[in-house]
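> build the 3D model from these lines:
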Amino acid sequence: MEREGLSSRLGFILLSAACAIGLGNVWRFPFITGKYGGAAFVLIYLAFLVFMGLPAMVAEFSVGRGSQRSAGESFDLLEPKGTKWHLHKYGALAGNVILMMFYTTVTGWILNYLHHMVQRDSVALTPPPTGATFGGMLGDPTTMAVCMILVTLAGFTVCYMGVQKGVEAVIKPMMLCLFALVLLLAIKSCSLDGAAKGLEYYLVPDFQRLFDAGIGEVIFAAMGQAFFTLSLGIGSLAIFGSYIGKERSLTGEALWVIGLDTFIALTSGLIIFPACSAFGVDAGAGPVLLFITLPNIFNTMAGGQFWGGLFFLFMFFAAFSTVVAVFETIIAIVSEIWHIERRKVIHFMCPLLIVLSFPVIFGFNIWSGFEPLGKGTCVLDLEDFIISNNLLPLGSMVYILFCTSKCGWGWDNFIKEANLGNGLKFPVAVRGYVSYVLPIIFLIIFVQGYFAMFWK
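Alright, predicted model coming up:
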């Protein structure tokens, strides 16, 4: 079966960035940055991105490009005979499917709000009822189902058109528009009267806040954000490594992806903190910030419909680009495991994912009594926990061990593939750190996830 690739290096970088950039960049990063000391936290976060995220990303890219396959066959082709590394294909597939079981629903929320903002639905979005609007949406399974189905159909339609004519052709301009929108919104937010206090809170290091929270808690928060923002461990990035040629070494390409992901995260803070400061609202409200607080801000500012529409368009681009990138990963893995043509995979995966997404929708209304992880939790929390606290850290540990272990692909093969081509080379001197220290860090993240969930 002939395999299609990407047409350009830019496509590879932007598609990989699309997979990494998501909703966590927009609200979670600014929130925890402010909570843990502003710029002081950012410095710790950036250090973990370089020393933890970069090696894991290069490893995943290398396995993908070295095999020219997704996680569905990459381990089968590269592993020594008699080993079982290939079993990770099922964990990778499960991770991507479970991620889309709730991510399409949340993307549907954004689509719904974008519609309200563009239509200027005064009943839904004027300041007093905005909180009721969000609660009403969660209590309405029909509205959420329609939006989720539209997102799923649109995502698979893009993939159906092919890697170059569909995925690459749509995601490249979408990502470029996303970067332009986030800059425009940041400039507008920073120019608001009263924005200075928000900028100070966000950008000026406050080591007292850092120490008040506790150094250990701050380190784990920075480690977790640096790790989870890149979507490592389930083959979501390996697939795009498999589509790119060998003209460029992979460390520089990984730095580009990390840089774009960090740019969106940092610039999102320049939108949220100044705006919240200018209008005197709490910037640390998580999802409530996006769906209640910010719509109220847009409805009380001059030109609010225009700026609110741009913000939710930016949000939709960030979310939908991730949906398409992960759909492409799912299609490739299923196609390789069971040797099915990609369009036939789409024919059954599209309705299957729609059906699998309904438990998340029902978890907010007709199944709201089901609290799988304790009081106040829902189906979405359970699925997010399975991904974030289990499959991502354990999957990343698999990729690192596979690339460094003698019973896996091995360091020599990994470093040869990673450094093939022009560009920045992966440093050979860090072999001991990558081989022995980094897997322990991923194991600590895994254990800490359970500690934070059940013994906090």
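> my read is that residue 238 contacts residue 73, right?
No. Judged on CB atoms under 8 Å, residue 238 makes no contact with residue 73 at a distance of 10.8 Å. All C-beta atoms are positioned from the backbone trio N, CA, C, and that covers glycine.
> more neighbours: these two, which one.
Legend: neighbour count by other CB atoms under 10 Å for residue 238 and residue 73, higher for residue 238 (32 against 20).
> chain neighbours aside, what residue packs nearest to that one?
residue 64 (3.4 Å; CB to CB, 6 or more residues apart in numbering).
> residues touching that neighbour, list them.
70, 74, 235, 237, 238, 239, 240, 241, 242 (CB atoms under 8 Å, 6 or more residues apart in numbering).
> what about residue 303, how many residues nearby?
11.
> could the contacts of residue 64 go into CSV alongside distance to residue 256?
Converted to CSV, the contacts of residue 64 look like this (distance: CB to CB, whole Å):
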residue, distance to residue 256
70, 21
74, 22
235, 20
237, 12
238, 17
239, 17
240, 12
241, 13
242, 18
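> out of those, flag the one nearest to residue 49.
Using CB to CB, residue 237 is the member of the contacts of residue 64 that lies nearest residue 49, at 14.3 Å.
> how about the CA coordinates for stretch 327-338, as PDB?
Taking Å, rounded to 0.1, in the frame of the first residue of the first chain, the C-alpha atoms of stretch 327-338 are listed here in PDB:
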ATOM      1  CA  PHE A 327      -7.900  11.800  13.900                       C
ATOM      2  CA  GLU A 328      -5.100  11.300  11.400                       C
ATOM      3  CA  THR A 329      -3.100   9.400  14.000                       C
ATOM      4  CA  ILE A 330      -6.100   7.100  14.700                       C
ATOM      5  CA  ILE A 331      -6.700   6.500  11.000                       C
ATOM      6  CA  ALA A 332      -3.000   5.600  10.400                       C
ATOM      7  CA  ILE A 333      -2.700   3.300  13.500                       C
ATOM      8  CA  VAL A 334      -5.900   1.400  12.600                       C
ATOM      9  CA  SER A 335      -4.900   1.200   8.900                       C
ATOM     10  CA  GLU A 336      -1.500  -0.300   9.800                       C
ATOM     11  CA  ILE A 337      -2.700  -2.700  12.500                       C
ATOM     12  CA  TRP A 338      -5.500  -4.300  10.500                       C
END
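> off-centre distance for stretch 87-102?
Averaging C-alpha positions (CA atoms, centre = their mean, to the nearest Å) puts stretch 87-102 14 Å from its chain's average.
> could you list the low-pLDDT ranges of the stretch 251-400 of the chain?
283-288, 293 (pLDDT under 70).
> the stretch 101-250 of the chain too?
Where the stretch 101-250 of the chain drops to pLDDT under 70, the residues are 120-132.
> residue 103: neighbour count?
27.
> excluding its backbone neighbours, what's nearest it?
residue 323 (6.4 Å).
> quickly find the element holding that neighbour.
Following DSSP states H and E, one finds residue 323 within helix 304-338.
> what residues sit buried inside that helix?
304, 307-337 (16 or more other CB atoms under 10 Å).
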